[in-house]
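Trainee: from the sequence below, what's the structure:
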Amino acid sequence: MYNVLLIPAEREPNAALLQRLAAEKISYTLASNMEALPDTGPASSFDAVLVDLGTGDRSTLLSVAERCRTLHLPLLCGLPSERLPTYENSWGAADFFVVPPAAGEVTARIRQARQLASPNAAKEGGNILQVGDLRINLDRYEVSNRGEKVLLTFKEYQLLCALASNPGRVFTREQLLTQIWEYDYFGGTRTVDVHVRRLRSKIEDMGETYIETVWNVGYRFRNQDAPAR
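Mentor: Numbers count the residues shown, from 1 in each chain. Have a look, this model is predicted:
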């Protein structure tokens, strides 16, 4: 699978993150900084650099980002959910994920970052969903609204894709639980409501509506031909 350089911003990496790497068969070299990489030349032994930010200072991420740019090596950032509102693209990571990550998420993020970093990568992926100013690039796992990147957790992204790929179709909460969370949830149907509320807060602004509530049933994504409500 993949091999990464893992740099914790705190003294020890997050145990749940290490468990997830092992589960996804991602090998890693633990380092306190970028000294494990050469100053020049290809860093072909690593597929990506992963900074486990935790509650540490973001200066670690910023310094690593500079070296990664020089070596053309993808940089990913793992951070706790409470730091998500303060995360900015200017921190230099190609992508991020919330720790503990969902099953399969780290592999997906590494694969995406490597594809984008490839010199042969297309400038624009062809698998695009767009409604109004909301744009979902399914090849790159990217979401933007009015040209600005939208930062979503993996579950929020999965939920958005499930709804947006079937505009006009009504999903019950139970259907969404089965499709997105499978057996990995504990909050019942309220889990869906909470994630929909968070997703709406990130993609719906200035009166734009994409996710519609069907009372006593569930949710649907606005049909592309239908006007916003």
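Trainee: for this protein, which residues score under the pLDDT cut-off?
Mentor: Judged by pLDDT under 70, the chain has its weakly predicted residues at 35-44, 116-126, 183-187, 206, 224-229.
Trainee: give me the domain ranges for the chain.
Mentor: Taking automatic domain parsing as the reference, the chain has its domains at 3-117, 128-221.
Trainee: those domains into JSON lines, with extra columns for mean neighbour count?
Mentor: Placement of C-beta: from N, CA and C, glycine included. Compiled in JSON lines, those are given as follows (neighbours: other C-beta atoms under 10 Å):
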{"stretch": "domain 3-117", "mean neighbour count": "17"}
{"stretch": "domain 128-221", "mean neighbour count": "16"}
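Trainee: would you confirm that Asp52 contacts Leu5?
Mentor: No - the criterion here is C-beta atoms under 8 Å, and Asp52 misses it with Leu5 at 11.3 Å.
Trainee: where do the helices sit along the chain?
Mentor: Remark: helices assigned in the chain by DSSP state H are 15-23, 59-71, 105-117, 154-164, 173-176, 190-203.
Trainee: contacts for the first one?
Mentor: Looking back up the chat, that one is helix 15-23. Contact with helix 15-23 is made by 4, 6, 27-28, 52, 78, 99-101, 103, 105-106, as judged by C-beta atoms under 8 Å, 6 or more residues apart in numbering.
Trainee: please repeat the previous calculation with a cut-off of 7 Å.
Mentor: Applying C-beta atoms under 7 Å, 6 or more residues apart in numbering, the contact partners of helix 15-23 are 28, 52, 78, 99-101, 106.
Trainee: now do the fourth one
Mentor: With contacts defined as C-beta under 7 Å, 6+ apart, helix 154-164 is touched by 97, 101-102, 105, 129, 131, 136, 138, 141, 143, 152, 171, 176, 179-180, 195, 198-199, 211, 219-221.
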